[in-house]
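A.B. asks: generate a structure from the sequence data that follows.
(one chain, ligands or ions: 1)
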Amino acid sequence: MRKKIVAGNWKMNKSFEEGLALASEIVNFYKDEVHSDVEAVLIPPFIHLVSVGRLLDHPHVQLGAQNCHQEVSGAYTGEVSAAMLSSAGAQYVILGHSERRQYFGEEEGLLAKKIRTALAAGLKPIYCVGETKEEREDNRHFDVIESQVEGALSVFSAEELKTLVIAYEPVWAIGTGLTASPEQAQEVHAFIRNLLEKRFGASFSQLVPILYGGSVNPTNAAELFSKRDIDGGLVGGASLKSRDFINIIQSFV
Ligand code: PGA
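C.D. replies: From the prediction side, this is the model:
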């Protein structure tokens, strides 16, 4: 049985007070209403991590970070290391989000280094892949995803990647209100699982949670999560409202 995960990527949103209020509402709703073993991961901006983490007193509500630097430590003004995140209480770290790829030029070689540093610090990477609108229209999405998966993960062994989570996030669906259809998403998730099987073996591929991201909301989550290879969601906009985020978690049947 694969772990079911709903991760809320707050991106660059929420003041300190707003972040604490959101986190405590989610924890309270979770305690009162969620009777499944779905894992919620709250992923606030770095500066809120410690304070949000202190509010997460439920075993199924975990803390994650949005990025980390590839080096262990050193003269990198303004950057945050994986070990710092871990010591601040984070269990997960998003790596390779399309906004990092697009606005900060991150690509597979760098992301492989970040994954290595994150794993060494005991963080579970949530490695994001996904094609742009043009790539899908040109029918190149499978090639793009294959090179993103292979380019960052092929330097690792299955043993090293045993805490890996993958998120499939079509760029054209992020923050746009457009969602991949459950069938489109399932098709890509099965493709990713097959790539993992070819490289790392069947038992490994069956254990890696693959999350879907891109305009997930309380209305479309249930159908997406009903698909065989979709193990949860990486949620942006709808994770900023506690009720919506909890309703998405409750969409697992
Ligand atoms: P969205 O963002 O849910 O607002 O589309 C998803 C993401 O970028 O992780």
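A.B. asks: surely Leu110 touches Cys68?
C.D. replies: No: contact criterion C-beta atoms under 8 Å: Leu110 and Cys68 do not qualify, at 11.5 Å. Where you see a C-beta, it was placed from the backbone N, CA and C, and this is true even at glycine.
A.B. asks: more neighbours: those two, which one.
C.D. replies: More crowded of Leu110 and Cys68, by other C-beta atoms under 10 Å: Cys68, with 26 against 17.
A.B. asks: how close does the residue positioned nearest the centre of the chain get to the ligand?
C.D. replies: Closest to where the C-alpha atoms of the chain average out (C-alpha atoms, centre = their mean) is Ile126, at 4.3 Å. Ile126 is 9 Å from the ligand, where distance means C-beta to the nearest ligand atom, to the nearest Å.
A.B. asks: Leu195 belongs to a strand?
C.D. replies: No: looking at Leu195 with DSSP: H, G, I helix; E, B strand; the rest coil, it is helix, so not inside a strand.
A.B. asks: OK, contacts around it?
C.D. replies: Applying C-beta atoms under 8 Å, 6 or more residues apart in numbering, we find Leu195 in contact with Ile145, Glu146, Val149, Glu150.
A.B. asks: pull the number of nearby residues for the first one.
C.D. replies: Here the neighbour count serves as a burial measure; for Ile145 (other C-beta under 10 Å) it reads 21.
A.B. asks: how about the residue nearest to the centre of the chain: which residues does it bridge to?
C.D. replies: Ile94, Val165 (DSSP bridges).
A.B. asks: show me what from the stretch 51-200 of the chain comes close to the ligand.
C.D. replies: Glu169, Ile174, Gly175 (C-beta under 6 Å from any ligand atom).
A.B. asks: highest neighbour count among the residues you listed?
C.D. replies: Per-residue neighbour counts (other C-beta under 10 Å) across these peak at Glu169, which has 28 neighbours.
A.B. asks: give me the spatial nearest neighbour of that one, chain neighbours excluded.
C.D. replies: Gly213 (3.7 Å; C-beta to C-beta, 6 or more residues apart in numbering).
A.B. asks: surely the one you found meets Cys128?
C.D. replies: Yes: using C-beta under 8 Å, Gly213 makes contact with Cys128 at a distance of 7.2 Å.
A.B. asks: ranges for the helices of this protein?
C.D. replies: 16-33, 49-55, 82-87, 98-104, 108-120, 133-137, 141-153, 182-200, 202-207, 221-225, 242-249 (DSSP state H).
A.B. asks: closest to Lys4 out of these?
C.D. replies: Nearest of those to Lys4, taken as C-beta to C-beta: helix 221-225 at 7.8 Å.
A.B. asks: just the buried positions in the closest one, please.
C.D. replies: In terms of neighbour count (16 or more other C-beta atoms under 10 Å), helix 221-225 has its buried residues at Ala221, Leu224, Phe225.
A.B. asks: how about the residues of the stretch 51-200 of the chain next to the ligand in a markdown table, adding pLDDT?
C.D. replies: Formatted as a markdown table, these follow (pLDDT from 0 to 100):
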| residue | pLDDT |
| --- | --- |
| Glu169 | 97 |
| Ile174 | 91 |
| Gly175 | 87 |
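A.B. asks: ok, Val149 to the ligand distance?
C.D. replies: For Val149 relative to the ligand (C-beta to the nearest ligand atom), the value is 18 Å.
A.B. asks: once you drop chain neighbours, what's closest to that residue?
C.D. replies: Leu195 is the one closest to Val149 (C-beta to C-beta, 6+ apart), at 5.2 Å.
A.B. asks: could you do His97 as well?
C.D. replies: For His97, the closest residue by C-beta to C-beta, 6+ apart turns out to be Cys128, at 4.8 Å.
A.B. asks: assess the claim that the one you found and Gly96 are in contact.
C.D. replies: Yes: counting by C-beta under 8 Å, Cys128 touches Gly96, with 4.6 Å between them.
A.B. asks: just give the number of residues close to Phe200.
C.D. replies: 22.
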